[in-house]
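Trainee: I'll drop the sequence and a predicted model, then ask my questions.
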Amino acid sequence: MLIRLKGGRIYDPANGANGTVRDIYIRDGRIVADPGDSARPDQDYDVSGKVVMAGAIDMHTHIGGGKVNIARALLPEDHRADLLARTELTRACCGHAAPSTLATGYRYAEMGYTACFEPALLPTNARQAHMEMGDVPIVDKGGYALLGNDDLLLSLMREGADQKLINDYVAWTLDVTQCIGIKVVNPGGINAFKFNARKLDLDETSPRYGITPRAILLTLAQAIEDLGVPHPLHVHGCNLGVPGNVDTTLETISGIEGLPMHLTHIQFHSYGTEGDRKFSSGAARIAEAINRNPNISADVGQILFGQTVTASGDNMSQHRNRKFASPNKWVVMDIECDAGCGVVPFRYRDQNFVNALQWAIGLEIFLSVDDPWRIFLTTDHPNGAPFTTYPHLIRLLMDKTFRNEQLARLNPDAAAASTLGSITREYTLNEMAIMTRAGPAKILGLADRGHLGIGAGADITVYTDHEDREAMFRTPDYVFKDGELVAKDGRIVKVTLGATHVVKPAYDRGIEDRLRPFFARYRSTRLENFAIDEEELCECGSSRLTVHQCRHARVA
Amino acid sequence: MSQVVLTLRASPAIVVDCSPLTPDRLAGKSAATIAAIELQSGNRRLPAGDLFDITGESGDTLVIRNACNKLDRIGAGMNGGTLEVEGDVGAFLGAGLVSGTIRVSGGAGAFAATGMVAGTLHVRGNVGDFLGAAIAGDKQGMLGGLVVVDGDAGDRVGDHLRRGIILVGGNAGDYCASRMLAGTIAVRGRVGALPGYAMKRGTLLLAGAAELPTTFNDCGTHELMFLRLFARHLAGVDAAAASFAPHGERVRRFVGDRANGGLGEILITV
Amino acid sequence: MANRIGAIVDHMNSTALSRNLLVLQDSGWIVTTFAEVRSRADFVLIVGTETNSRFPRFAERLIDPLDSPFSDGPMQRSVVYLGARPKAPADARVLDCPTNKLGEVFGALRCLVANRPLQAVRVAGLDMEILNGLADEMRKAKYGVVAWAAADLDQPHGELIVQSICGLVSDLNETTRFAGLPLGGNDADVTANQVTLWQTGLPLRTGFGRGVPEYDAYHFGTDRLLAGRNADVLLWISAFDPLRLPPETDVPTIVLGSPAMRFTKAPAVFIPVATPGLHHAGHFFRSDGVMAIRLRKLADSPLPSVAEALTAIEQAL
Ligand SMILES: [Zn+2]
């Protein structure tokens, strides 16, 4: 079947189109070249004057896995207030802070998103995460496997295992957990918390292992580099949320010694200690460091006001944050000598000095990083705000007048402490297409997503160019997933299954012999039962496994 | 004074959500309009006219006659007016009541007065478990207002009670005032096991000896000014409430639940 | 199917399961998993009477092994059983206490751990001296664990006991590390709850009668629905265990169950089904509620899986 989108204004930064008017042709789920006058489209959509972009990609969103389901269990009252009724096509389910998997898929697709990446997939919990992601309909999924607090890696490092062995372990983890990247959360800190440490600085040695977070970061970043995994090491650094952590973050940037590194929800790591309240913005210093270091990328983790729930692998920080739980209930878990998690509901208040300044810090970072290819639009869903707030966030970035109106409503001391009011930058549609499409695809190594070139998967979103960018981005006219119309005017018209994106770097299978005794003695699962294969993924609801290329493995 | 009378024809097979039928929501509506209001029953929606004979003229009073325990959520979210029920009712009676008065001649099911904000709820018969308590996930039960039960109440009276007064004329079940946050509960009859369990604050007034959790400390016998004020307050609100006014001011005072650092008080009249 | 016909979803074990769930929804908890217990725990308090018979390999797999990656020799691990005459090993340390007093015992331990003075000299028949010793031991543990099976706390409002346990664990974490270990998972109860949660956002005892999910932890329990005759048909699924028969009721009952089921009263409809992990693949959450286990197909069966049977019924509607 041939589909034509006729006369749209194409924003396709990967291919240099910035509002160029041209037709797009789709056949068998892919974008194809103009087949010429003899071919008559089976479906023709007149999109003249409309804005056409690739489907949006959320490169950091907590959509599935143990901690998200704990967040769901924790908050029946939040769910009762946001019910999605059954329709002919969609099932009855609940949304808001920790939406059901079904609501997650429906609402992302309705907003023009076609791929979502779960950033904290515990290897021991990979099976559940894939089951949940399999039940997120329509959009493609991928996961980043957590390492860096597992007793296995720390034991190997303490024994002085060589980098090659660690590379094999990292590659094996990616393989058996079916992931596309590696994330480290509070390196060594989650592990140290199990030994009753309550903080672990970048250069502090961990209990039992005597290893610093800096060493863990370097070792894992080197493994990613050696294996040629496209996505840089995905880092949730030390001291999340602690005033003064901007120094830790800057040290982390310089400490990685030029290796590629992605700093996630950097807003939560950009706090100074100036002013009467000993809480200030470190955004300018962070943005400057990102601008100066081309090996560094970041997603923001913007906060927006209202009720949400914070769900993190960082149980050391979350145990500290329990005092701010609102409503007052929270979960902290230690998990399988592998990792941990903490779930704390939170309400960001615009009249609260700290919350208001957090809001401003996030926006300052967005607007002060020069290169839109290295900064990504996230709220760290649901930690900063649920993903359904994205259209509002986009308006804040694209509309200075609107932004300043919002700023004027905040806690006045916070507004005064921020430089935000003096920033005049407004993101363009082209920059927005980079930040939410082309950039994420590039940094994840998704060759056929995030752009509209010939051969790309036909994930396409068509918007009406509305002055109110929030309205525009909330309700796209058309959303195509792999060439099928899945949403029209912000309503689901077809429910499909999404693919799972992974990488498969080469490694020595002999690593399993090294790991097997550890599993047998100290884990409660056998190594043989750990791996997830493609057949199982598809049983869980994935449409297919899409394996992306790694860069050539470097010769050791 | 004009009123609408809804007379239940027969007990429905599956519980019916009656929350659309409150005096404020029916104000100004004709009998025909009321008859067309759809009520949820299990997985079906039934027009009110299929269940009730509808007479009278809408005003600030609604009367439900021949009621039975299959009628859930009577007066839920009601904001103003008077709702008189003749017979028994089901669960969630007066849930989230914002203002107005609800009187039930018979008994009520579980979770009566949950989330109630203000107003008065008076049940002449017995009520089920979780009177004025929080539903699963909610951190606060009843938020204000006055509840009077002439008969017995089930377990967990006032669980997570946040504010307001609950008066039980008969006996109360186990874990009375569990996890209570504030407010006042008075029980004229006996209470079951472990009253005040995990209580944080607030007052539970008991007429006789009870098996308190061992994590309450005995603070001795006192003359409490509070009791005279409480009696005066009750006399001022409602005739039914007035009969709960404690006689005398001498009580034995227990403080807890110390298990969770609570400073609630259980007062036992002596 | 429930979404389609507007039914209520419950599990045969959800009365026990809800003792944990209600606590999670109200105050949350600090919990741990099997591998952490086995490798780290230097103190384990086992609450309830049936843990070892309900989970036969619990002690053997988690409590008895003393090799640990975190200690150079064998670990020192204190194990204490607390409950009514636990079926504990003969030489075990046991504090005998009736189930209905456990909440008070944990309340007293919370006072002792937090140095809040109490007047009581005995709690549930246990001398305060003994409890004081226990509290002291807990405070000194480096990584302590309290394990319980909600099914053993079988009494009305058993969740209040669980909440006291979790409150104690939370208090202990002010100074040391401590964690709860809720045990469940039998008859796929945890599995059913996890899937219901992620697909709808609400746990078991969620109904779809209104076209939106509606959760009622109290009224949507199967026993209460049947007793109040607020359900007009019961669909009972037990693919694992032929002994788990539907409750006695005059509500018409359809059973999807093991072909080995023997009924005293024949259901209106009986559809024999295949067994997950024997006749077809599937998933199952382990007793600690965290690890999902892959169930593999080992043999052929002419019978449909539960999913196949339900899909066929739904298509015929
Ligand atoms: Zn995150």
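Mentor: Structure's in. What do you need?

Trainee: quick one: low-confidence parts of the stretch 401-550 of chain A?
Mentor: The model of the stretch 401-550 of chain A has no residue with pLDDT under 70.

Trainee: mind listing the strands for the stretch 51-200 of chain B?
Mentor: Ranges of strands in the stretch 51-200 of chain B, per DSSP state E, counting those that start in this stretch, are B:52-56, B:61-67, B:71-72, B:79-87, B:99-104, B:120-123, B:146-149, B:165-168, B:184-187.

Trainee: each with direction, which strands does the shortest one pair with?
Mentor: Each strand paired with strand B:71-72, and its direction, by DSSP bridges: strand B:16-17 (parallel).

Trainee: try the fourth one
Mentor: Sheet pairing for strand B:79-87, assigned by DSSP bridges, gives strand B:61-67 (parallel), strand B:99-104 (parallel).

Trainee: could you dump these to TSV with mean neighbour count and mean pLDDT?
Mentor: Every C-beta, even on glycine, is put in place using the N, C-alpha and C of the backbone. Formatted as TSV, the strands paired with strand B:79-87 follow (neighbours: other CB atoms under 10 Å in any protein chain shown; pLDDT from 0 to 100):
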stretch	mean neighbour count	mean pLDDT
strand B:61-67	21	97
strand B:99-104	22	98
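
Trainee: looking at the ones you listed, which is nearest to residue A:347?
Mentor: Judged by CB to CB, the one of those that comes nearest to residue A:347 is strand B:99-104, at 27.2 Å.

Trainee: contact partners of the closest one?
Mentor: B:22-24, B:67, B:74-75, B:78-85, B:87-89, B:93-94, B:117-125 (CB atoms under 8 Å, 6 or more residues apart in numbering or on different chains).

Trainee: picking that back up, mind putting the strands paired with strand B:79-87 into TSV with distance to the ion?
Mentor: Shown next, in TSV, are these (distance: least, CB to the ion, whole Å):
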stretch	distance to the ion
strand B:61-67	51
strand B:99-104	44
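
Trainee: turn those strands into TSV, columns for distance to residue A:188.
Mentor: Converted to TSV, the strands paired with strand B:79-87 look like this (distance: least, CB to CB, whole Å):
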stretch	distance to residue A:188
strand B:61-67	64
strand B:99-104	57
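
Trainee: what sits against the nearest residue to residue A:380 once chain neighbours are set aside?
Mentor: Nearest residue to residue A:380 in three dimensions, chain neighbours excluded: residue A:301, at 3.6 Å (CB to CB, 6 or more residues apart in numbering or on different chains). Residues in contact with residue A:301 (CB under 8 Å, 6+ apart) are A:60, A:264, A:265, A:266, A:267, A:268, A:362, A:378, A:379, A:380, A:383, A:384.

Trainee: where does the residue lying closest to the fourth one once chain neighbours are set aside land in three-state SS?
Mentor: Which is residue A:266. Distances taken as CB to CB, 6+ apart put residue A:298 closest to residue A:266, at 4.2 Å, once the chain neighbours are dropped. Secondary structure assignment for residue A:298 (DSSP: H, G, I helix; E, B strand; the rest coil): strand.

Trainee: burial of residue A:298, as a residue count?
Mentor: By other CB atoms under 10 Å in any protein chain shown, the residues close to residue A:298 number 28.

Trainee: wait, it sits on residue A:267?
Mentor: No: judged on CB atoms under 8 Å, residue A:298 makes no contact with residue A:267 at a distance of 9.1 Å.

Trainee: common neighbours of the two, please.
Mentor: Both residue A:298 and residue A:267 are in contact with residue A:365, where contact means CB under 8 Å, 6+ apart.

Trainee: okay, now residue 148: neighbour count?
Mentor: Let's take chain A. Using other CB under 10 Å, residue A:148 has 28 neighbouring residues.

Trainee: chain C was what I was after
Mentor: Residue C:148 has 27 neighbours, counted by other CB under 10 Å.

Trainee: buried set for stretch B:25-32?
Mentor: By neighbour count on 16 or more other CB atoms under 10 Å in any protein chain shown, the buried set for stretch B:25-32 is B:25, B:26, B:31.

Trainee: same check, this time on stretch C:276-294
Mentor: By 16+ other CB under 10 Å, the buried positions in stretch C:276-294 come out as C:276-277, C:279-280, C:282-294.

Trainee: of these, list those near chain A.
Mentor: With CB under 8 Å from any CB of the partner chain as the criterion, those include C:283, C:285, C:286, C:290, C:291, C:292, C:293, C:294 near chain A.

Trainee: least trustworthy helix or strand in the chain by mean pLDDT?
Mentor: If you meant another chain, say so; for now it's chain A. Ranked by mean pLDDT, DSSP states H and E, the weakest helix or strand in chain A is helix A:511-522, scoring a mean of 86.

Trainee: hmm, I had chain C in mind actually
Mentor: Within chain C, no helix or strand scores below helix C:51-54, which has a mean of 77 by mean pLDDT, DSSP H and E.

Trainee: now the phi/psi pair for the residue in chain A that chain C sits nearest to, please.
Mentor: Here chain A gets closest to chain C at one residue, residue A:94, 3.1 Å apart by CB to the nearest CB. Backbone torsions of residue A:94, given as degrees, to the nearest 10, read phi -120, psi 150.

Trainee: I figured it hits residue C:213, correct?
Mentor: Yes: Residue A:94 lies in contact with residue C:213 (CB under 8 Å); the separation is 5.8 Å.

Trainee: backbone phi and psi for the residue nearest to residue A:380, please?
Mentor: The phi/psi pair for residue A:301 (degrees, to the nearest 10) reads phi 70, psi 50.

Trainee: that one and residue C:209, how far apart?
Mentor: 39 Å (CB to CB, to the nearest Å).

Trainee: over to residue B:229?
Mentor: From residue B:229 to residue C:209 the distance is 47 Å (CB to CB).

Trainee: same question, residue A:152
Mentor: 48 Å.

Trainee: ditto for residue C:240
Mentor: Here the criterion is CB to CB. By it, residue C:240 lies 28 Å from residue C:209.

Trainee: settle it for me: which of the two has more neighbours?
Mentor: residue C:209 (22 against 17).

Trainee: check contacts around the spatially most central residue of chain C.
Mentor: Nearest to the geometric centre of chain C sits residue C:184, at 2.9 Å (CA atoms, centre = their mean). Contacts for residue C:184 (CB under 8 Å, 6+ apart) come out as C:13, C:16, C:17, C:20, C:149, C:150, C:151, C:190, C:287, C:289.

Trainee: is the fifth one bridged to anything, and to what?
Mentor: Looking back up the chat, that one is residue C:149. Note on residue C:149: beta-bridge partners by DSSP bridges are residue C:183.

Trainee: wouldn't it be in contact with residue C:58 here?
Mentor: No: at 9.1 Å, residue C:149 does not count as touching residue C:58 under the criterion of CB under 8 Å.

Trainee: what does stretch C:233-242 rub up against?
Mentor: Stretch C:233-242 is contacted by residues C:7, C:12, C:187-188, C:222, C:226, C:244-247, C:249, C:251-262, C:267, C:273-276, C:305-306 when judged by CB under 8 Å, 6+ apart.

Trainee: tell me how far it lies from the chain's centre.
Mentor: Counting by CA atoms, centre = their mean, to the nearest Å, stretch C:233-242 is centred 19 Å from the centre of its parent chain.

Trainee: pLDDT of it, averaged?
Mentor: Throughout stretch C:233-242, pLDDT has a mean value of 95.
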